[in-house]
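A.B. asks: Fold the stuff below for me.
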Amino acid sequence: MTSVPASAVDIAALTVSTLGLIGLLLAYLQFRLSRRANEVTAECARSSFVLEIHKWFREKPEEVIFFYRLDYASSQSAFKFNPIDFPHSDEERQLDALLYKLVFVGSLLRRGVLDHKDIAWMNFIVSAVLGNAEVQNYLAWLQTNDQVPGHSEFLDAVFLFMELSGKSGTEAQLLREYVRNANSMVTM
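C.D. replies: Below is the predicted model:
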């Protein structure tokens, strides 16, 4: 068998094919690097956002002091809900501010913007606020006929509590009642 010498056209075709394969390989590697860079950037942005949430919960000294009154529920300075003195008080503003912050985070969790690992650190805050019997009494009072039957503005905060704490016993009974009452008004 005789060998036929490669023509310049054959060599050029082989060279172009080889360069094309090398180009595809480099494009694939570039795509993978770009994708990984985007993942890292997104993770950094998410971490920065979570850090901002953490700062947000500690930015107002009066809210921090009020939070500790909720956390130390058995101390002399603990928050005690009194429906007569509570409306329009500093305590109402501070508690509502904490609850609305929890609503915001609960909404982000419910919509999948954040996940459990992003906000696991919040379990302590959420439990101190929504696990507090006096806060639960406040939520129950909000739904009375004298106030707003079916009040539902704090549903995402309750969702956050249930998701992070996994509470399903009697300690969460008033919160489940809050959700049930809110949902019953929505279906009417």
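
A.B. asks: got a list of what the closest residue to Ala120 other than its chain neighbours touches?
C.D. replies: For Ala120, ignoring the flanking residues on the chain, the nearest one in space by CB to CB, 6 or more residues apart in numbering is Leu164 at 7.3 Å. C-beta: built from backbone N, CA, C; applies to glycine. Remark: with contacts taken as CB atoms under 8 Å, 6 or more residues apart in numbering, Leu164 is in contact with 116, 119-120, 122-123, 126-127.

A.B. asks: between those, which is closest to Leu70?
C.D. replies: Ser127 (9.9 Å; CB to CB).

A.B. asks: so who does the nearest residue to that closest one once chain neighbours are set aside touch?
C.D. replies: Leaving aside its chain neighbours, Ser127 sits nearest to Ser165 (5.5 Å; criterion: CB to CB, 6+ apart). With contacts defined as CB under 8 Å, 6+ apart, the neighbours of Ser165 are 123, 126-127, 131, 172.

A.B. asks: mind redoing it with 7 Å?
C.D. replies: 123, 126-127, 131 (CB atoms under 7 Å, 6 or more residues apart in numbering).

A.B. asks: Put together JSON lines for these, with pLDDT on each row.
C.D. replies: Output for the contacts of Ser165, formatted as JSON lines (pLDDT from 0 to 100):
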{"residue": "Asn123", "pLDDT": "92"}
{"residue": "Val126", "pLDDT": "94"}
{"residue": "Ser127", "pLDDT": "92"}
{"residue": "Gly131", "pLDDT": "92"}
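
A.B. asks: circling back to that earlier point, His88: which of the contacts of Leu164 is nearest?
C.D. replies: Nearest to His88 among these, with distances taken as CB to CB, is Val126, at 25.9 Å.

A.B. asks: other SSEs contacting the top helix by length along the chain?
C.D. replies: Ranked by residue count and defined by DSSP state H, the top helix of the chain is helix 8-56. Contact here means 3 or more CB pairs under 7 Å, 6 or more residues apart in numbering; DSSP states H and E; on that basis helix 8-56 packs against helix 116-119.

A.B. asks: chain center to the helix it packs on, what's the gap?
C.D. replies: 7 Å (CA atoms, centre = their mean, to the nearest Å).

A.B. asks: circling back to that earlier point, buried among the contacts of Leu164? Make that a ChimeraX selection.
C.D. replies: Here is the ChimeraX command that selects the buried residues among the contacts of Leu164 (16 or more other CB atoms under 10 Å):
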select :119,122,123,126,127
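
A.B. asks: Taking the contacts of Leu164 together, which two end up most distant?
C.D. replies: His116 and Ser127 (14.4 Å).
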